[in-house]
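Q: Fold the following, please.
(chains A, B, C and D, ligands or ions: 4)
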Number of protein chains: 2
Amino acid sequence: MQNKIFQNFLGQKGLKMTRERFAVLEEVSSVPVHFDPEQLYARIRESGLKASRASVYRTLSLLVESGLVEKVSRSGRGNIYEHTYGRRHHDHMICDICGEIIEFYSEDLENLQLDICTSNNFKGMSHTLEIRGHCENCRR
Amino acid sequence: MQNKIFQNFLGQKGLKMTRERFAVLEEVSSVPVHFDPEQLYARIRESGLKASRASVYRTLSLLVESGLVEKVSRSGRGNIYEHTYGRRHHDHMICDICGEIIEFYSEDLENLQLDICTSNNFKGMSHTLEIRGHCENCRR
DNA sequence: GTCTAATTGAAATTAAATCTCAATTTCAGT
DNA sequence: ACTGAAATTGAGATTTAATTTCAATTAGAC
Ligand SMILES: [Mn+2]
Ligand SMILES: [Mn+2]
Ligand SMILES: [Zn+2]
Ligand SMILES: [Zn+2]
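A: Ligands and ions are numbered 1, 2, ... in the order given. Just a heads-up that it's a prediction; the model follows:
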């Protein structure tokens, strides 16, 4: 369970599991898959839980470091995150018109990237592929 | 020549070719391939040319729209751009340690993306693939 | 329970980018 | 070359996302 994973991660780094960090992790699990930090902060305030904006941002960084959350997008102004617990890696298509986010995964594509890294003597550790265009609905 | 292309683009939109826009385009051609707006602004100031920060940002948007410049990524906070005139599309590997940017291109990878778009009824218009990790030098 | 290092939150700060609007410039029409 | 309408500019204000500061609080090892 992600709680234990996070607690473990914190322990390894000599950090403490606080009620604020717990609140952020809790909300990360119930928020829509793709979210931004301000959204998350607003929802924490609405729910009974409490955590300051500073703690939300600070905890989000820790969650990314622990692998429970990933930074998704590099197109808009602010960052978009998604929680990854129980979900496998995938990439995204984003509709320029309606903003819909479509997730996809291709083994071939992943392998091709491994090959490219190898031939460049590069040790790839993560990647982001974002395809922008028009989704099915907006096409017309 | 990119000058004519930009002038043409502006004409189509009922916009004017000003000395400030010319200065930005001029500097975009002599700056390192990958640059950020503040860098560009600083260099314009150093050279004899003139353009305010506002104009630099405004012109950069127009250059992106015209296809002469592309947004590459967001390193930390700000955007990174590159000029594309006379260069073909490619993607990037970025070293987490030294920041080196390695360009690569793979026909197979591009085709695979086309297939993926097709099978999702998505009209892909652009994409960004960024692979992060450790470069040859930093590996060790 | 004690103690100490980690953590918190409100507010200040930073940084990138955008906006405002009076003054200036471009350029199509003549 | 002249004119005038519309586009553009720049200094500084504003917005936005995120980070920093630091006194007060808290977690958790002992
Ligand atoms: Mn996703
Ligand atoms: Mn490049
Ligand atoms: Zn759409
Ligand atoms: Zn490196």
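
Q: and residue A:106, how many residues sit next to it?
A: Neighbour count for residue A:106, taken as other Cβ atoms under 10 Å in any protein chain shown: 16. C-beta: built from backbone N, CA, C; applies to glycine.

Q: Quick one: residues contacting it.
A: B:112, B:116 (Cβ atoms under 8 Å, 6 or more residues apart in numbering or on different chains).

Q: can you point me to the longest strand in chain A?
A: strand A:123-134 (DSSP state E).

Q: Direction included, what does that strand pair against?
A: Sheet pairing of strand A:123-134 (DSSP bridges) gives strand A:91-95 (parallel), strand B:123-134 (antiparallel).

Q: near ligand 3 at all, the first one?
A: Yes. Strand A:91-95 lies within reach of ligand 3 by Cβ under 5 Å from the ion, at residue A:95.

Q: hmm, that strand touching ligand 1?
A: No. Strand A:91-95 stays clear of ligand 1 (Cβ under 5 Å from the ion), getting no nearer than 5.7 Å.

Q: Show me what that strand is in contact with.
A: Residues outside strand A:91-95 that contact it (Cβ under 8 Å, 6+ apart) are A:72-73, A:75, A:100-105, A:109, A:128-135, A:137-138, B:117, B:120, B:122, B:124.

Q: Show me which residues of it are buried.
A: A:91-95 (16 or more other Cβ atoms under 10 Å in any protein chain shown).

Q: if I look at the residue of chain A found nearest ligand 4, how far off is ligand 3?
A: Going by Cβ to the ion, ligand 4 is nearest to residue A:122 of chain A, at 9.0 Å. Separation of residue A:122 from ligand 3 (Cβ to the ion, to the nearest Å) stands at 34 Å.

Q: can you redo the strands paired with strand A:123-134 as JSON lines with mean pLDDT and distance to ligand 2?
A: JSON lines is the format used below for those (pLDDT from 0 to 100; distance: least, Cβ to the ion, whole Å):
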{"stretch": "strand A:91-95", "mean pLDDT": "94", "distance to ligand 2": "19"}
{"stretch": "strand B:123-134", "mean pLDDT": "95", "distance to ligand 2": "10"}
